[in-house]
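Participant: next input, structure requested:
(chains A and B)
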There are 2 protein chains.
Amino acid sequence: MITINIVCVGNLKEKFWTDACNEYRKRLSKFCKCNIVELPEQNKYVIPTQILEKEGEDILSHITANSVLLAIDGKEFDSKAFARFIETQKQTTSELTFIIGGSYGVCEKVKQSVKTKLSFGKATFPHNLARVMLLEQIYRAFMINAGASYHK
Amino acid sequence: MITINIVCVGNLKEKFWTDACNEYRKRLSKFCKCNIVELPEQNKYVIPTQILEKEGEDILSHITANSVLLAIDGKEFDSKAFARFIETQKQTTSELTFIIGGSYGVCEKVKQSVKTKLSFGKATFPHNLARVMLLEQIYRAFMINAGASYHK
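Facilitator: Numbering: from 1, shown residues only, chains lettered A, B, ... in the order given. Model prediction:
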């Protein structure tokens, strides 16, 4: 069973985000081991470049050989292409790490250290909603690959 | 104050989706009047074309001169372009209607009756999550147009 790590900057303040994520993690449990790694937002710094640098240090310590960064300028996948991506990863690696940056995004160093940049479209979403969207797309990918009727 | 109608097929079963939507509707209340119109899923029919036809009849009764359909093959907006779209609408109309189809999407008649087809990317999301995403993007649009710091 593949391990999927989701490394996020910032925690979920509202219960409805936590509940939405837990629902998809529960559903995912039959397909993968899903870990959420929450890194602190570096709010004590004022200058965005400083925030990005400090948050980047934390993120870099979690980057593995197979890391995927959520980025608006990344490769845009439709759900079926994303399912094929997940399937390929499943066959070639035991661990896959997704990274969701904080309010200011991520620093250049992080961008350059990841293997794949993944985009779910041009629109900007907040990190909490992005986490739910990513979990849903991972779940959808496994369901597509299992030939289930979830994805019509 | 502009009225924004969100016409959706299917209701929100889980409390976390209702709570997430209510949070954005609360935030939106200072910018617009936001109505949610929930139409029933036509589950009693088995054939997808029949479901689409029946749901389509309901949707068509809510379509106005300024209707926007969420569709994967629609025009892809980034959040700033969507904010400009909302601003233009605000200046030219008092009512704007968004349509989110059901599990099978919408029928051709609905597609042909709307003025704008809007896409937030190539990925397929479930209708409940799509509703949250749309509300968040509308809120983001108003915040961008107000020059607020929400959108970094």
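
Participant: which element is the residue nearest to residue A:150 when sequence neighbours are not counted on?
Facilitator: Counting by Cβ to Cβ, 6 or more residues apart in numbering or on different chains, residue A:150 lies nearest to residue A:143, which is 4.0 Å off, once chain neighbours are set aside. The C-beta positions use only the backbone N, C-alpha and C, and glycine is treated the same way. Under the criterion of DSSP states H and E, residue A:143 resides in helix A:127-145.

Participant: and what of residue A:52?
Facilitator: Residue A:52 belongs to helix A:48-60 when assigned by DSSP H and E.

Participant: close to chain B, is whatever helix or strand comes next after that helix?
Facilitator: Heading C-terminal from helix A:48-60, the first helix or strand you meet, by DSSP H and E, is strand A:67-76. Yes. Part of strand A:67-76 sits near chain B under the criterion Cβ under 8 Å from any Cβ of the partner chain, namely A:72, A:76.

Participant: can you name the next helix or strand after strand A:67-76?
Facilitator: The helix or strand immediately downstream of strand A:67-76 is helix A:79-92, counting by DSSP H and E.

Participant: what pLDDT, on average, does that next one get?
Facilitator: Averaging pLDDT along helix A:79-92 yields 96.

Participant: which strands or helices does it pack on?
Facilitator: With contacts taken as 3 or more Cβ pairs under 8 Å, 6 or more residues apart in numbering or on different chains; DSSP states H and E, helix A:79-92 sits against helix A:127-145.

Participant: list the helices and strands the helix it packs on packs on?
Facilitator: Judged by 3+ Cβ pairs under 8 Å, 6+ apart, the packing partners of helix A:127-145 are strand A:2-9, helix A:15-28, strand A:32-39, helix A:79-92, strand A:95-100, helix B:127-145.

Participant: for residue A:117, find the nearest of those.
Facilitator: With Cβ to Cβ as the measure, strand A:95-100 is the member of the helices and strands packed on helix A:127-145 nearest residue A:117 (9.8 Å).

Participant: just checking: what are the partner strands of that closest one?
Facilitator: strand A:2-9 (parallel), strand A:67-76 (parallel) (DSSP bridges).

Participant: let me have those strands in a markdown table, extended by mean neighbour count and mean pLDDT.
Facilitator: Putting these into a markdown table (neighbours: other Cβ atoms under 10 Å in any protein chain shown; pLDDT from 0 to 100) gives the following:
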| stretch | mean neighbour count | mean pLDDT |
| --- | --- | --- |
| strand A:2-9 | 21 | 97 |
| strand A:67-76 | 18 | 94 |
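
Participant: tally of neighbours for the residue of chain A found nearest chain B?
Facilitator: Proximity of chain A to chain B (Cβ to the nearest Cβ) peaks at residue A:121, 2.1 Å away. By other Cβ atoms under 10 Å in any protein chain shown, 20 other residues sit near residue A:121.

Participant: now do the contacts for it.
Facilitator: The neighbourhood of residue A:121, defined by Cβ atoms under 8 Å, 6 or more residues apart in numbering or on different chains, consists of A:72, A:76, B:76, B:119-123.

Participant: Three-state assignment for it, please.
Facilitator: Assigned state for residue A:121: coil (three-state reduction, DSSP: H, G, I helix; E, B strand; the rest coil).

Participant: pLDDT score for it?
Facilitator: 90.

Participant: distance check, it against residue B:143.
Facilitator: 19 Å (Cβ to Cβ, to the nearest Å).

Participant: so what's residue A:125 up against?
Facilitator: A:133, B:133, B:136-137.

Participant: for these, which one is nearest residue A:65?
Facilitator: residue A:133 (24.8 Å).

Participant: so residue A:123 touches residue B:118, yeah?
Facilitator: No. Assessed by Cβ atoms under 8 Å, residue A:123 is found out of contact with residue B:118, at 10.0 Å.

Participant: mutual contacts of the two, please.
Facilitator: If you check residue A:123 and residue B:118 against Cβ under 8 Å, 6+ apart, the residues they both contact are B:77, B:82.

Participant: residue A:79: how many residues sit nearby?
Facilitator: 19.

Participant: quick one: contacts for it?
Facilitator: Residue A:79 neighbours (Cβ under 8 Å, 6+ apart): A:137, A:140-141, A:144, A:151, B:122-124.

Participant: any idea how far it is from residue B:78?
Facilitator: Distance check for residue A:79 against residue B:78: by Cβ to Cβ, it reads 20 Å.

Participant: find the residue at the geometric middle of chain A.
Facilitator: residue A:98 (3.7 Å; Cα atoms, centre = their mean).

Participant: was I right to think that one contacts residue A:6?
Facilitator: Yes. The pair residue A:98 and residue A:6 qualifies as a contact (Cβ under 8 Å) at a distance of 4.9 Å.

Participant: joint contacts of these two?
Facilitator: residue A:134.

Participant: in three-state terms, label the residue sitting furthest away from the middle of chain A for me.
Facilitator: Distance from the C-alpha centroid of chain A peaks at residue A:46, with 25.6 Å (Cα atoms, centre = their mean). Three-state call for residue A:46 (three-state DSSP): coil.

Participant: sweet, I'm off.
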